[in-house]
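# coordinates only, sequence not included:
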């Protein structure tokens, strides 16, 4: 049965400041959704609230994921349930190779389910990692580099796509993955995300300011946030409309609606 992320009337605050003001959204496994909006509209707050960041506090509503009450789960439990967050600014971990990081992530999941699990055997892990790197056209030498240490912006995002490929989430949230990427890096990262969508049936919520990433990852659905609410839904044509007109026309439209 396909998993679904069902967000119902979600409110959330940061340092007692209300940011999310009633989010309703359903993302099903295998679907690609784009969430767009200007700076300060609440897009990243939604991502961090769903991932379980302690500074982002849900104050109302519910989130059902894979038949579980997501908001009752710890961040690691949300990950094990099949939710993945690709960060806008991935953190460097000097001294820890990409391969070791991924092997420990897999083993942490296995031991959470079975404390006596001895972890994935190293030969089996090497086969798995090479398989995923080949799927994403990643040089095998990448595995021996320290995670995000000295990486370019494109390499950091590519490392996160490799993490997604290895952990195989049901739903992935890509928080402004296009931030700071040149055209070539954007294409490579987008093609990797699409490969995972096609191969493992992963659902995606792509958070972005701009339409350009959607040239590569064409969404099934586009949603627009303003002031902590999703105010508009549509297909890929809505992203093109935003590219042409900006957000002011939507601000005016929904200001007029509220005043009426």
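Looks like it came in fine. The shown structure was predicted, so the numbers you read here are calculated from the model rather than taken from an experiment.
# Now do the helices in this protein.
43-51, 75-81, 98-113, 122-135, 153-167, 183-199, 236-245, 248-259 (DSSP state H).
# Among the ones you listed, which comes closest to residue 216?
Residue 216 lies closest to helix 183-199 among these, at 3.3 Å (Cβ to Cβ). In short, each C-beta sits where N, CA and C put it, glycine included.
# so what secondary structure elements neighbour that closest one?
If contacts are counted by 3 or more Cβ pairs under 8 Å, 6 or more residues apart in numbering; DSSP states H and E, helix 183-199 sits against helix 153-167, strand 171-175, strand 203-208.
# out of those, which comes closest to residue 101?
Across the helices and strands packed on helix 183-199 (criterion: Cβ to Cβ), the nearest stretch is helix 153-167, sitting at 8.0 Å.
# Mind listing residues that contact the closest one?
Residues outside helix 153-167 that contact it (Cβ atoms under 8 Å, 6 or more residues apart in numbering) are 79, 84, 86-87, 90, 98, 102, 105-106, 109, 128-129, 132-133, 135-136, 138, 142, 147-148, 151, 172, 177, 179-182, 184-186, 188-189, 192-193, 195-196, 200, 202.
# picking up where we left off before, including distance to residue 4, mean pLDDT and mean neighbour count, could the helices and strands packed on helix 183-199 go into a markdown table?
Output for the helices and strands packed on helix 183-199, formatted as a markdown table (distance: least, Cβ to Cβ, whole Å; pLDDT from 0 to 100; neighbours: other Cβ atoms under 10 Å):
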| stretch | distance to residue 4 | mean pLDDT | mean neighbour count |
| --- | --- | --- | --- |
| helix 153-167 | 18 | 90 | 21 |
| strand 171-175 | 8 | 94 | 25 |
| strand 203-208 | 8 | 94 | 25 |
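# coming back round to it: turn the helices of the chain into JSON lines, columns for distance to residue 64.
Formatted as JSON lines, those follow (distance: least, Cβ to Cβ, whole Å):
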{"stretch": "helix 43-51", "distance to residue 64": "12"}
{"stretch": "helix 75-81", "distance to residue 64": "11"}
{"stretch": "helix 98-113", "distance to residue 64": "21"}
{"stretch": "helix 122-135", "distance to residue 64": "29"}
{"stretch": "helix 153-167", "distance to residue 64": "21"}
{"stretch": "helix 183-199", "distance to residue 64": "22"}
{"stretch": "helix 236-245", "distance to residue 64": "26"}
{"stretch": "helix 248-259", "distance to residue 64": "27"}
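# between these, which gets nearest to residue 29?
Between residue 29 and these, the tightest spacing by Cβ to Cβ is seen for helix 183-199, at 9.8 Å.
# Buried residues of that closest one, list them for me.
Within helix 183-199, the residues that count as buried by 16 or more other Cβ atoms under 10 Å are 185, 186, 188, 189, 190, 192, 193, 194, 195, 196, 197.
# for the helices of the chain, which one sits closest to residue 66?
Smallest distance to residue 66 across the helices of the chain (Cβ to Cβ): 5.4 Å, for helix 75-81.
# so what's residue 175 up against?
Shown in contact with residue 175 (Cβ under 8 Å, 6+ apart): 43, 44, 47, 85, 86, 87, 88, 207.
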